Structure formats: structure tokens, C-alpha cells
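*Asks:* Let's see this in three dimensions:
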Amino acid sequence: MEAFTTLTAVAAPLDMANVDTDKIIPGRFLRKLRGPGYDKLAFHDIRFNADGSENPDFVLNKAPYRNAKIIVAATNFGCGSSREAAVYVMYDFGIRAVIAPSFGDIHYGNELQNGMLPVVLPDDVCAKLRAQLHAKPGAEIGIDLDAQKVTGPGGAQYAFEIDANSKERLLKGLDDIGLVMQYSKDIEAFEQRHREEMPWLA
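*Replies:* Residues are numbered from 1 along each chain as shown. Below you'll find the model as predicted:
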């Protein structure tokens, strides 16, 4: 998993509340294997029209936001099902962080597990950031995970909370397997001692 330390990037304002995981990746695509072209499934049914053409009103289809790596959303982002694919498609699309007043609990955890940073800021702050991004399309937001600070387009800074374990894992780029592998030498030593002390269990 790629480490997340700091990020300064174009941010896109997503004003709709209750963006569920089916909006992020429709259920009919869940059997599709992750690979080339997977990014095209992100927000598919609100990003594209029925004939396959781009919806010009969707924010990520607008030129200033096409390369956004940060989304500033409204309340209850990622609600609905537990599908981890909702994180995969955003990550493959290039999104590395989502700032919102609240998240679906499982989706919040899925982002953390897969190298994305979900940032919870108050509703009024998120609304202010989205307004600034609308007013200045292509503006950047900065995120410093170690300092737990978001810097808005106008230079104002906002502190956010994250639990210490998730923070350490992101800073070091450790998923569940990577976390365990930190202790591989200790595990090997234990197994060797176990075989020597209780050979009948081998």
C-alpha cells in the first residue's frame, strides 16, 4: 500500500449528500475484475449519460476538476453497502482523499485500509471549502496527515481527528499484511522456539 503523508492537489466540490456506494460504483459492475479501465466505473451512472457520453454537469467531467485527487463532499459520503470496490474505483481514478462532514462507517474504514484518507470536518467548513472550489475552479487543497491539518484554497487551516493506529498505518503505507510483516522476525523466532520446546506438536 502506498504511504500517505502529505498531499497538495486540485480538489473537486461534490455537493450532493448521501452519496452511497452504488453511486460510486453501481452494483452491476462488482463482478468486473480490477484492472485497466477500472477507473472508468467510478461514479459511472452520474458521470455518464445513458448513451455512454459524459454528463457535462458532473463535476469530475469539468476541465478544472478532471485531475482532482481530493473530493470535498457533503454529509454521509459512502453510505449504503460495504463494497470495497467503491474505494478501488476512486483510487484507480486518482482520488487520494475525501473530505466530508460524515461518512458511512464501513466505507470510512475501507478507505483507511486501502491507502485513501477520509477526513471529517464540520459541515460548515466543508460547505465553505466547496464554495471556494466553485468560485475558483482548479484550486488546490493541502492535507498534512502527520500534523492532522487541512489547508483550504484561501490559506485557512483546519484540524482533523484520526485514530493513532490508522494514522501510523497510512504514514507507513501498511495494510493488514504489511502490519503483520513488521514482526516477521519475532514470529519466526517464536516458531523456532516453539518447535524446540514442544517438538511433539511439530
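*Asks:* residue nearest the centroid of the protein?
*Replies:* Centroid-nearest residue in the chain: residue 116, 3.3 Å away (criterion: Cα atoms, centre = their mean).
*Asks:* Show me what the longest strand seen in the chain pairs with in its sheet, parallel or antiparallel.
*Replies:* Of all segments of type strand in the chain, defined using DSSP state E, the longest is strand 6-13. Strand pairing for strand 6-13, determined by DSSP bridges: strand 70-72 (parallel), strand 140-144 (antiparallel).
*Asks:* Just tell me which of those strands ends up closest to residue 61.
*Replies:* Residue 61 lies closest to strand 70-72 among the strands paired with strand 6-13, at 13.7 Å (Cβ to Cβ). Just so you know, the C-beta spots here come from the backbone N, C-alpha and C atoms, and that holds for glycine as well.
*Asks:* And for the closest one, what's in contact with it?
*Replies:* 7, 9-14, 90, 95-100, 126, 129-130, 133, 141, 143 (Cβ atoms under 8 Å, 6 or more residues apart in numbering).
*Asks:* May I have the beta-bridge partners of the nearest residue to residue 117 once chain neighbours are set aside?
*Replies:* Counting by Cβ to Cβ, 6 or more residues apart in numbering, residue 117 lies nearest to residue 97, which is 4.3 Å off, once chain neighbours are set aside. Counting by DSSP bridges, residue 97 forms beta bridges with residue 70, residue 117.
*Asks:* how close does residue 97 sit to residue 26?
*Replies:* Between residue 97 and residue 26 the computed distance is 23 Å (Cβ to Cβ, to the nearest Å).
*Asks:* Could you do residue 40 as well?
*Replies:* 12 Å.
*Asks:* Identify the residues contacting residue 54.
*Replies:* 47, 48, 61.
*Asks:* quick one, which of the strands paired with strand 6-13 is nearest to residue 79?
*Replies:* strand 70-72 (14.9 Å).
*Asks:* which element follows that closest one toward the C-terminus?
*Replies:* helix 85-93 (DSSP states H and E).
*Asks:* if I pick residue 81, what's in contact with it?
*Replies:* Residue 81 neighbours (Cβ under 8 Å, 6+ apart): 20, 21, 22, 27.
*Asks:* can you pull the buried residues of stretch 111-125?
*Replies:* 111, 112, 113, 114, 115, 116, 117, 118, 119, 120, 121, 125 (16 or more other Cβ atoms under 10 Å).
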